[in-house]
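Peer 1: Fold the following for me, if possible:
(one chain, ligands or ions: 3)
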Amino acid sequence: MTLDELTDAWLRGVAAAGFVPGVRARARAALRDLLEEFVAAVRAEPFDPAPGHRIGAELVDLRMSAPPVLGTTVHLLGGHLPAIVGAGDRVLDLLDSLVTGFVAAQRDAAVRAAEEMNRSEKIHWRAVQLDLQRRLQQAVLHHPDTGLPNEQHLRKTLAELDGDGRLGLLLLSLDRYDELADTLGHDKGARLLAAVARRLRPLGVLAHLADDQFAVLVTGTAGPDDLIKVADQASRVLAPAFPIDGHSLHVHACIGLVERPVAGSDPGRWLHDARLALRWARHDRRGPELFDPGRAAEERRRHRLAAEMPAALDRGEFVLHYQPLVRLADGVTIGVEALARWNRPGAPGPQQFIQVAERTGLIHRLGRALLEQACREGAARSGDLLISVNLSPVQLADPGLVATVADILHRTGLPAARLQLEITETAEALPYRAALIALGDLGVRLALDDFGTGYSSLAVLTGLPFTEAKLAAEFLAGAGHGGVLRHIVEACHAMGMTVTAEGIETAEQEQILRDLGCDHGQGYHLGRPAPL
Ligand code: C2E
Ligand code: MG
Ligand code: MG
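Peer 2: Ligands and ions are numbered 1, 2, ... in the order given. Here you go, the predicted model:
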C-alpha cells in the first residue's frame, strides 16, 4: 500500500463514520498532511512520540472527533504504516500519543461547550461524555471488525503481567488474506475473520492485531510443549473450510510461538519475539516455529555484519591469504588458492561473511574486488604459478560475469591459463552451464570445489569444461579404505580432470592420497593460508 492509498482508505473509513466535514478534497488534503507529519515523526532522529499528540488534537479540530474516527485511524495507521515505513514500535508509540491527544482535545472541547451550559444541560453533557469516553476506549483497544482486543490492548495486558507462572503467546497470520479480501470484498472478509475468531476463541485469550493476524495468550503453560500443542490445535480447528455466502473458503495460517516464565520477562519482548518466530514460520514453512534466542542473536549478528560490510570493503579490509596447491608426485607448489579474510579483530571467517554477502548482493562487488586483487598479486609473481580463486554461485548468475573476468585478466595482465576459478558443487551452481562454458572458452581453468559433499553425480558434469575436481576434506576420513575414492579419482581422470585432495593434515594422508593417484594436495600439512 502506498501513502496515497492509505490516505484514501483513511478518508473512506472516516467518511463511513459520517464525519467528513466540508469539502471532501479539502478533508483528504488535511488527512494527507497529517499522514505526512506522522511519517516524518516515525522517521525523525532522535525519535519523539510527541507529534502524535498534536495530530490527535488536529483530528478533533478538523471536527473528525467521533470514536469510529479514532478507531479507524488507529486500525489503519497501526496496520499499514509499519509495512510502508518500518519501525512498527515507533508507529505504535506515536499512535498511543495520538490517542491521548485526541481524547484530551475532545475533553477540552467538551469543557468549553459546558461552560456555556445551564445545570441540566451539564448533567446531560456529562452522560454523553462518559458514553463517548467508553466508546473511545472501545474504539482504541478493539479491532473494528471482530470487536476483539487489538494490539494496543494486548500490549497493555502484557505490560501488566506479573506472577510466578509461565505464559505462552501464539501469533497466527492467515496466508494470502489480502488476496481473499480483495476478491471477497470487505463485508465477506470481515465475516471470514469473525468465523476464524470464533474457532480460535476456545484456545485462550484471543486478540485481533491486524486483519490477517491473531494472537492467543495461553496462561499456565508448563513449558514450550504445552504451547506447541495449542498451536497444533489452532491448525486443526482452522483446517475445515469456512462456508461464507455459498463459497467454501480455506485458510492456512503460519504460527509463531513464545513461551517463557512471566517473572523477569521484558513485556516489550513478547510480541517482538513472537513476530520474529512468525517470520521464521513464514520463511521455513515447517509449521509452527518456537522463538529461539540463539537463532535471534545469530540473526542480529548477521544484520550487524551485513550493515558493516560495504564500508569495510571500501576501506580495503578484505584481503586474500594464499594456500599452496602442491603436486603430490614431487612436492612442488604449482599454485595457490586465494582465500578471503576480513582483516579486523574479531571478524568472522569467510564461510560466514561470504554467505552474508551472497544474501545482500554485496558478493558481486566483493567478488570482483577479490578476483582483481588475486589476479594483480598473481601477475606480479613471475613463473607459471596457478592462481585459484573461489567464485560464489551467486556470481555465476550475474550475466556480466564473463565480461568482468575477461576485463580483469586484461587489466592485470595475468594470462588466462594461470587463473583457476573454483566453483562449489552446489545445486545452485550447475544450472549456469552457459556461463561455465563461456568461462572455459576464456581459457581459464575451472575447478569443482568440495566435490563429494554436494549434489552432482559425475554424469551432470559431462559437457561442462571442468578441468579439476577438488575432493572435499570430508572424503579423506574414508581414505584409509580407498575403494570408493580410488574409483572416483579414476573416473575424474577418465573425464580429463585432474584431482586435488583438500584438507591434508598428516603425512599419512598425503601418502595414501598419492597412492590413490590424486594429482595435487592442499592442507595444513602442506602449507597454511598466508599472505603471498
Ligand atoms: P574452500 O574453497 O573449500 O577452501 C578451503 C578451506 O579449507 C579454507 O577455509 C582453508 O583454510 C581450509 N583448509 C585448508 N587446509 C585445511 C586443512 O588441512 N584442514 C582443515 N580443517 N581445513 C583446511 P577458509 O579459508 O576458512 O574458507 C572457507 C570457505 O570459504 C572456502 O572453502 C570457500 O568456500 C569460502 N571462501 C573463502 N574465500 C572465498 C572467496 O574469496 N570467495 C568465495 N566466493 N568464497 C570464499
Ligand atoms: Mg575453494
Ligand atoms: Mg574446498
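
Peer 1: shouldn't Ala30 be in contact with Arg63?
Peer 2: No: between Ala30 and Arg63 there is no contact under C-beta atoms under 8 Å: 10.6 Å. The C-beta positions use only the backbone N, C-alpha and C, and glycine is treated the same way.

Peer 1: Give me the more crowded residue out of these two.
Peer 2: Ala30 (19 against 14; other C-beta atoms under 10 Å).

Peer 1: Now that one: closest residue in space that isn't a chain neighbour?
Peer 2: Nearest non-adjacent residue to Ala30, counting by C-beta to C-beta, 6 or more residues apart in numbering: Leu62, 5.6 Å away.

Peer 1: mind checking how far that neighbour is from Val14?
Peer 2: Distance check for Leu62 against Val14: by C-beta to C-beta, to the nearest Å, it reads 9 Å.

Peer 1: any common contacting residues for the two?
Peer 2: Ala27 (C-beta atoms under 8 Å, 6 or more residues apart in numbering).

Peer 1: between the two, who's got more neighbours?
Peer 2: Legend: neighbour count by other C-beta under 10 Å for Leu62 and Val14, higher for Val14 (24 against 19).

Peer 1: need the contact list for the more buried one.
Peer 2: With C-beta under 8 Å, 6+ apart, Val14 has these contacts: Val20, Ala27, Leu31, Met64, Val69, Thr72, Thr73.

Peer 1: Residue numbers of the stretch 301-450 of the chain in contact with ligand 2?
Peer 2: Residues of the stretch 301-450 of the chain lying near ligand 2 by C-beta under 5 Å from the ion: Asn390, Glu422, Asp449.

Peer 1: With secondary structure added, can I get the residues you listed in a markdown table?
Peer 2: Formatted as a markdown table, those follow (DSSP: H, G, I helix; E, B strand; the rest coil):
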| residue | secondary structure |
| --- | --- |
| Asn390 | strand |
| Glu422 | strand |
| Asp449 | strand |
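
Peer 1: If we check ligand 1, which of the residues you listed are in contact?
Peer 2: By C-beta under 6 Å from any ligand atom, the members of these lying near ligand 1 are Asn390, Glu422, Asp449.

Peer 1: quick one: least confident of the residues you listed?
Peer 2: Among those, Asp449 carries the lowest pLDDT, at 92.

Peer 1: Any idea what that one is bridged to?
Peer 2: Thr424 (DSSP bridges).

Peer 1: give me the number of residues near Val23?
Peer 2: 9.

Peer 1: Would you mind listing which of the residues of the stretch 301-450 of the chain next to ligand 2 are buried?
Peer 2: Asn390, Glu422, Asp449 (16 or more other C-beta atoms under 10 Å).

Peer 1: Next up, the contacts around the residue sitting nearest the centre point of the chain.
Peer 2: What sits nearest the mean C-alpha location of the chain, by C-alpha atoms, centre = their mean, is Arg279, with 7.4 Å. Contact analysis of Arg279 by C-beta under 8 Å, 6+ apart lists Gly256.

Peer 1: Tell me if I'm right that the residue nearest to Ala30 and Arg28 touch.
Peer 2: No: the pair Leu62 / Arg28 is not scored as a contact, 11.4 Å apart, by C-beta under 8 Å.

Peer 1: the helices in the stretch 201-350 of the chain, which residues?
Peer 2: Using DSSP state H, counting those that start in this stretch, the helices of the stretch 201-350 of the chain run over 224-238, 267-284, 293-314, 350-360.

Peer 1: would JSON lines of the ones you listed with distance to ligand 1 be doable?
Peer 2: Shown next, in JSON lines, are these (distance: least, C-beta to the nearest ligand atom, whole Å):
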{"stretch": "helix 224-238", "distance to ligand 1": "35"}
{"stretch": "helix 267-284", "distance to ligand 1": "24"}
{"stretch": "helix 293-314", "distance to ligand 1": "12"}
{"stretch": "helix 350-360", "distance to ligand 1": "4"}
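
Peer 1: among these, which is nearest Ala50?
Peer 2: helix 267-284 (19.9 Å; C-beta to C-beta).

Peer 1: Return the alpha-carbon coordinates of that closest one using PDB.
Peer 2: This file holds the C-alpha atoms of helix 267-284, laid out as PDB (Å, rounded to 0.1, in the frame of the first residue of the first chain):
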ATOM      1  CA  PRO A 267       6.900  -7.000  28.400                       C
ATOM      2  CA  GLY A 268       8.000  -5.400  25.200                       C
ATOM      3  CA  ARG A 269       9.800  -8.600  24.000                       C
ATOM      4  CA  TRP A 270       6.700 -10.800  23.900                       C
ATOM      5  CA  LEU A 271       5.200  -9.500  20.800                       C
ATOM      6  CA  HIS A 272       8.500  -8.700  19.200                       C
ATOM      7  CA  ASP A 273       9.900 -12.200  19.700                       C
ATOM      8  CA  ALA A 274       6.600 -13.800  18.600                       C
ATOM      9  CA  ARG A 275       6.800 -11.700  15.400                       C
ATOM     10  CA  LEU A 276      10.300 -13.000  14.800                       C
ATOM     11  CA  ALA A 277       9.200 -16.600  15.300                       C
ATOM     12  CA  LEU A 278       6.200 -15.900  12.900                       C
ATOM     13  CA  ARG A 279       8.700 -14.600  10.300                       C
ATOM     14  CA  TRP A 280      10.700 -17.800  10.600                       C
ATOM     15  CA  ALA A 281       7.500 -19.900  10.300                       C
ATOM     16  CA  ARG A 282       6.600 -18.000   7.100                       C
ATOM     17  CA  HIS A 283      10.000 -18.400   5.700                       C
ATOM     18  CA  ASP A 284      10.800 -22.000   6.700                       C
END
